[in-house]
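**Q** my questions are about this predicted structure, shown below with the sequence.
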Amino acid sequence: MATVITRTIASTPQRTASDTWEKIISLLAPDANSSARAELKKVAGVAASAIASEASKDDAIIVSGCGPQVRIYCAFGEAAVSGDGVDESALKESPTGEGWQMSIPCLPEDLDWTQKKLGSLSSRITARALGEKATSSDARAQNSVGLTLNVTEFLTK
């Protein structure tokens, strides 16, 4: 099973949806000159719209493909203000290295527009409906699921 790292970011009313996305960008792509940061900034309006709808309250924004999978949730209302369950600590490594992908949850009624808009802005960032599982194009993760070790054979050599 793949390693999963989870963070919860305080959103409205603690910060606006746009400011929440900026916080997420700084967490995922801390290098101000990275191509990942530039790509994340390109989708800021669309991502902020999804955050404003509170879609990321129970369904995570998922980044996969480079190292452990990162799941980012947003806290809203009283939880955002009080900090209950909020964890905005830095990641040990940026998950936006080579081959990264992102899936942003959105409301079903916004899915078609969000997918089209993200598709025109990024080849790495997609949208999915609430409750839908994110798909990963990371071949390493898909191929490692069925990996088994023949202990007898291993120990005889």
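**A** Thanks, I have the structure now. Numbering: from 1, shown residues only.
**Q** neighbours of the residue lying closest to residue 97 once chain neighbours are set aside, just the number please.
**A** Excluding its sequence neighbours, the residue lying closest to residue 97 (C-beta to C-beta, 6 or more residues apart in numbering) is residue 66, at 3.8 Å. C-betas here are computed from N, CA, C, even on glycine. Neighbour count for residue 66, taken as other C-beta atoms under 10 Å: 19.
**Q** so residue 66 makes contact with residue 96?
**A** Yes: counting by C-beta atoms under 8 Å, residue 96 is a contact partner of residue 66 at 6.6 Å.
**Q** mind listing what the residue nearest to residue 97 touches?
**A** Listed by C-beta atoms under 8 Å, 6 or more residues apart in numbering, the contact set of residue 66 reads 94-100.
**Q** give me phi/psi at the closest residue to residue 42 other than its chain neighbours?
**A** For residue 42, ignoring the flanking residues on the chain, the nearest one in space by C-beta to C-beta, 6+ apart is residue 121 at 5.0 Å. Note on residue 121: its backbone torsions stand at phi -110, psi -30 [degrees, to the nearest 10].
**Q** same deal with residue 72?
**A** As for residue 72, its main-chain torsions (degrees, to the nearest 10) stand at phi -120, psi 120.
**Q** now for the residue lying closest to it once chain neighbours are set aside, how many residues are close by?
**A** Of all residues not flanking residue 72 in the chain, residue 61 sits nearest, at 4.4 Å (C-beta to C-beta, 6+ apart). Neighbour count of residue 61, defined by other C-beta under 10 Å: 25.
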